[in-house]
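Student: Okay, here's the prediction I keep looking at, along with the sequence it came from:
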Amino acid sequence: MRISERGWLVWLVAACGLWLSACDDDDPADPMADMDPGADMGPAPDMAPEADMTPEPDMVPGETLGILTEEQTRMARAMSPMPPIPASPTNDYADDPAAAALGQKFYFEADWAGPLQMDSRLGAEGEAGKVSCFVCHDDDTFGSADPVGVGARFHPRHAPGSVNAAWYAEAGFTWRGRFDVMWALPRAVFEAGAIFNSSRLRVAHVVFEQYRAEYDAVFGDHPLPPLDDLDRFPAEGKPGDAAWDEMDPADQEAVNRLVANVGKALEAYQRTLRSTTSAFDRFVAGAGELDESAQRGFALFVGDAGCVGCHSGPFFTDQSYRNLGLEQTGDAPAMDAGRFDVVEAIAGDPFNGVGAYSDDPAAGQPFIDAVEARSDALIGRFRVPTVRNAAISAPYMHAGQIADLAALVDFYDVGGGPAPMGVRDPALMALGLTAAEKADLIAFIEALTGDPIDPALGEDTSNDP
Ligand code: HEC
Ligand code: HEC
């Protein structure tokens with residue numbers, strides 16, 4: 001998409017509404033389009049531009065790490081250390097500590113949840129105020145031990161960790177890449193029947209009643225509207241509900257802005273959840289030992305086992321979408337077409353990085369332009385996840401189909417699953433690993449566990465009603 005077409009595209013996105021197919025974009029994806037270095041950790045503004053370039057891992061010939069060959073050493077240096085956190089240019093508050101502190105409160109807030117639609121450990125069907133982000137994002141990586149999310153009812157997919165999630169900026173967020181920007185996700189999650197089963201008006205009232213001063217301190221440019229006027233701002237409602245649809249458009253706009261800002265605070269908090277330095281990184285930096293089993297596992301990972309074909313680079317993902325042929329199991333739906341189902345929704349989401357609530361629509365545009373056109377090739381594809389912290393984030397895969405690392409290595413050893421939907425990725429092949437090689441691969445994955453998160457970031461700081 002040329003720059004001159006941007007204004008037209010923004011108009012189209014705003015105008016096409018439900019006719020999402022009209023928002024399709026046929027441009028080939030440029031995978032590097034949105035890989036900006038982190039604003040908070042990037043080079044100082046006065047640095048020469050060439051200093052900004054990702055360094056070609058330079059090494060003295062013959063200087064190898066541990067038992068690795070020269071080639072393996074070169075590959076290890078291409079996978080460590082983690083780069084700075086990617087910038088989030090469409091969220092002005094992304095790296096604001098006050099927004100992050102407010103976001104932490106929101107992450108633990110349950111009062112804005114609507115009624116549960118089934119009995120579960122969260123409560124009885126019909127009870128409200130039982131779902132917070134943390135009920136599904138509560139393990140050491142702020143992911144879940146449940147195969148699929150348990151909210152107002154079962155979610156169709158597994159909850160991935162919030163820790164390090166900011167590094168998915170290039171692929172987009174969730175297993176299917178439904179969101180171009182992280183702050184767009186909460187609005188959808190609040191209103192999804194399976195998750196919060198709530199509405200933007202209900203969320204807005206909780207902010208007004210419990211967080212008014214803190215909210216205005218962070219988002220003073222758009223102070224809270226008078227939500228105590230229940231004639232103008234009904235207690236509940238979202239697009240499609242009469243209560244919402246009959247509101248003054250300016251009041252709707254104010255509520256949308258508020259909910260987008262809740263998302264921006266939540267993003268700011270989640271960006272503080274980082275675990276980027278593991279035993280592998282210390283080994284590559286020459287600052288620590290790595291046992292030989294893990295080193296042999298690395299050699300397999302980048303060699304005969306072929307893992308690096310998809311799990312490449314320092315975040316151990318090429319940020320692409322692939323079909324591993326996984327069967328749907330447990331409480332997950334019988335079929336899931338993955339990426340195929342969402343590519344057209346990204347550009348049509350009013351809360352995306354080019355919409356009215358983006359702080360820099362031009363910066364959000366390249367991502368939208370790079371989204372693939374819907375085609376059968378996308379059926380059954382899911383985002384290649386990072387392997388960092390995998391040892392502490394079982395179960396695995398988009399519906400938690402695989403319980404532990406031993407089963408995961410066995411899955412790859414036989415060349416993936418039977419592909420109930422779409423075509424299994426041709427890169428997968430039966431590996432025929434020995435028991436010792438499987439143990440080595442697992443030892444390597446275990447060496448990718450990062451340092452723990454500051455426990456203060458895992459505390460429930462939400463305000464009491
Ligand atoms: C019902 C359980 C549940 C609740 C509650 C929940 N999530 Fe999630 N979350 C999930 C699941 C499941 C996914 C994966 C969704 C998908 O791929 O379709 C996910 C995905 C995400 C992602 C994407 C991470 C990535 O790797 O791309 C982020 C960020 C996130 N959630 C943040 C939140 C925030 C913030 C809240 C609260 C506003 C929240 N979640 C509430 C289950 C939940
Ligand atoms: C063809 C690309 C591809 C190759 C090759 C590949 N993976 Fe994956 N990997 C993926 C995708 C895609 C997923 C998620 C699949 C899904 O949920 O549908 C995944 C998931 C994983 C996960 C689970 C992470 C999580 O958070 O659930 C781990 C761990 C993993 N792979 C390790 C490996 C290892 C070890 C190898 C080599 C033996 C390997 N992968 C080879 C693409 C690949």
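Tutor: Sure thing, it's come through. Numbering: from 1, shown residues only. Ligands and ions are numbered 1, 2, ... in the order given.
Student: my guess is A217 contacts P97, does it?
Tutor: No - using Cβ atoms under 8 Å, A217 makes no contact with P97, being 12.0 Å away. C-beta coordinates here come from the backbone N, C-alpha and C atoms, glycine included.
Student: Excluding covalently adjacent residues, which one is nearest to the residue most central in space within the chain?
Tutor: Nearest to the mean C-alpha position of the chain, by Cα atoms, centre = their mean, lies F173 at 3.6 Å. Setting aside the residues directly before and after it, F173 is nearest to F179 in space (Cβ to Cβ, 6 or more residues apart in numbering), at 4.3 Å.
Student: neighbours around that neighbour, how many?
Tutor: 25 (other Cβ atoms under 10 Å).
Student: just C310 next, same as before
Tutor: C310 has 19 nearby residues by other Cβ under 10 Å.
Student: And for G353?
Tutor: Considering only other Cβ under 10 Å, G353 is surrounded by 29 other residues.
Student: With the one 10 residues further on instead?
Tutor: Counted with other Cβ under 10 Å, residues neighbouring A363 total 18.
Student: Over to it: give its phi and psi.
Tutor: Phi and psi for A363, reported as degrees, to the nearest 10, are phi -70, psi -20.
Student: quick one: pLDDT of the nearest residue to it once chain neighbours are set aside?
Tutor: Sequence neighbours aside, P89 is the residue nearest to A363 in space, at 3.8 Å (criterion: Cβ to Cβ, 6+ apart). Per-residue confidence (pLDDT) for P89: 98.
Student: and if you look at M421?
Tutor: pLDDT at M421 comes out at 97.
Student: show me the residues around it that make contact.
Tutor: N323, M335, D336, A337, G338, I379, G380 (Cβ atoms under 8 Å, 6 or more residues apart in numbering).
Student: That one and F340, how far apart?
Tutor: From M421 across to F340, the span is 9 Å (Cβ to Cβ, to the nearest Å).
Student: Pull up the overlap in contacts between those two.
Tutor: Taking Cβ under 8 Å, 6+ apart as the contact rule, M421 and F340 both touch I379, G380.
Student: any idea how far ligand 1 is from G338?
Tutor: Counting by Cβ to the nearest ligand atom, to the nearest Å, the separation of G338 from ligand 1 is 9 Å.
Student: How many residues are close by the closest residue to ligand 1 within the stretch 201-350 of the chain?
Tutor: Across the stretch 201-350 of the chain, no residue is closer to ligand 1 than L266, which sits at 4.3 Å (Cβ to the nearest ligand atom). Neighbours of L266 under the rule other Cβ under 10 Å: 26.
Student: element containing it, please.
Tutor: Using DSSP states H and E, the element containing L266 is helix 249-271.
Student: Now that helix - C-alpha only, CSV.
Tutor: Output of helix 249-271 as CSV, limited to C-alpha atoms (Å, rounded to 0.1, in the frame of the first residue of the first chain):
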residue,chain,number,x,y,z
PRO,A,249,-23.1,9.3,19.5
ALA,A,250,-20.8,11.7,21.4
ASP,A,251,-21.4,9.7,24.6
GLN,A,252,-20.8,6.4,22.8
GLU,A,253,-17.5,7.9,21.6
ALA,A,254,-16.6,8.9,25.2
VAL,A,255,-17.2,5.3,26.4
ASN,A,256,-15.3,3.8,23.5
ARG,A,257,-12.4,6.1,24.3
LEU,A,258,-12.5,5.1,28.0
VAL,A,259,-12.5,1.3,27.2
ALA,A,260,-9.6,1.8,24.7
ASN,A,261,-7.7,3.6,27.5
VAL,A,262,-8.4,0.7,29.9
GLY,A,263,-6.8,-1.5,27.2
LYS,A,264,-3.8,0.9,27.0
ALA,A,265,-3.2,0.8,30.7
LEU,A,266,-3.5,-3.0,30.6
GLU,A,267,-0.9,-3.1,27.8
ALA,A,268,1.4,-0.8,29.8
TYR,A,269,1.2,-3.3,32.7
GLN,A,270,1.7,-6.3,30.5
ARG,A,271,4.8,-4.7,28.9
